[in-house]
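In: After the sequence you'll find the predicted model.
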Amino acid sequence: MKIKTLIATTAFMTLSAYGSCTYRADTANVSWKAFKTYEKIGVSGAFNRVNFSPHSDTSVEALLMGSKVTIDTATVNSGNSGRDATLVQSFFKVQHLNTLTATVVGVKDAKALVALTLNGITRTIPFPYQIQGEKIMAKGVMDLGDFSLLPSLQSLNKACFDLHGGKTWQEVEIGFEIPFTSTCTQNSKEK
């Protein structure tokens, strides 16, 4: 019993040494991984223009909640300019997919519930996340069929039929990384 009391007292003294902490995020990076061929070979990339709604809060979870990005799909970047042009022309422009928005609408059990809006359709997808240093890193999987994007997928598959061995998968991994800073103020009683 004395050990439990000592641990509880030590924990309380450590926590009470800090008055409060503020976590702030100003940017977000969004990445993707699509798949081609029947062997399901991954092709990765990101977007060069991601508008993030910065804010601050008193915990990482609260910081995540309400975070929002708007992505300019024309800025897709796979590291191959020819591929990027094909993605814009044969996928995004087919159904006028100019922007993609994502908003964190819930945070529970190390999962961010992200409402993705694309093609006028919103679906909430779980994104398991972890904190590495001062970065929140999450990954989820979207199904293009859930957003009525099969015409765009068929167009891309046709444009890349030989390169993709006749198969372009409709599941796409989406990842996001949010760097943050934390500032904790010391409790005035401890100064």
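Out: Thanks, I have it. Numbers count the residues shown, from 1 in each chain.
In: Tell me the spacing between Asp84 and Ala46.
Out: Look at Asp84 and Ala46: by C-beta to C-beta, to the nearest Å, they are 11 Å apart. No exception for glycine: its C-beta is placed from N, CA and C like everyone else's.
In: which residues do the two both contact?
Out: 76-77 (C-beta atoms under 8 Å, 6 or more residues apart in numbering).
In: Secondary structure class of Phe91, three-state.
Out: Secondary structure, DSSP: H, G, I helix; E, B strand; the rest coil: Phe91 is helix.
In: was I right about it contacting Lys158?
Out: No. Counting by C-beta atoms under 8 Å, Phe91 sits too far from Lys158 to count as a contact (10.8 Å).
In: ok, so what distance separates the nearest residue to Lys36 once chain neighbours are set aside from Thr58?
Out: Among residues not flanking Lys36 along the chain, His164 sits closest, at 3.9 Å (C-beta to C-beta, 6 or more residues apart in numbering). Distance of His164 to Thr58, computed by C-beta to C-beta: 47 Å.
In: And these two? Which one has more around it.
Out: The neighbour count for His164 versus Thr58, taken as other C-beta atoms under 10 Å, is higher for His164 (20 against 11).
In: Give the full set of residues in contact with the more buried one.
Out: 36-37, 157.
In: Ok, Asn98 next?
Out: 72-74, 92 are the contacts of Asn98 under C-beta under 8 Å, 6+ apart.
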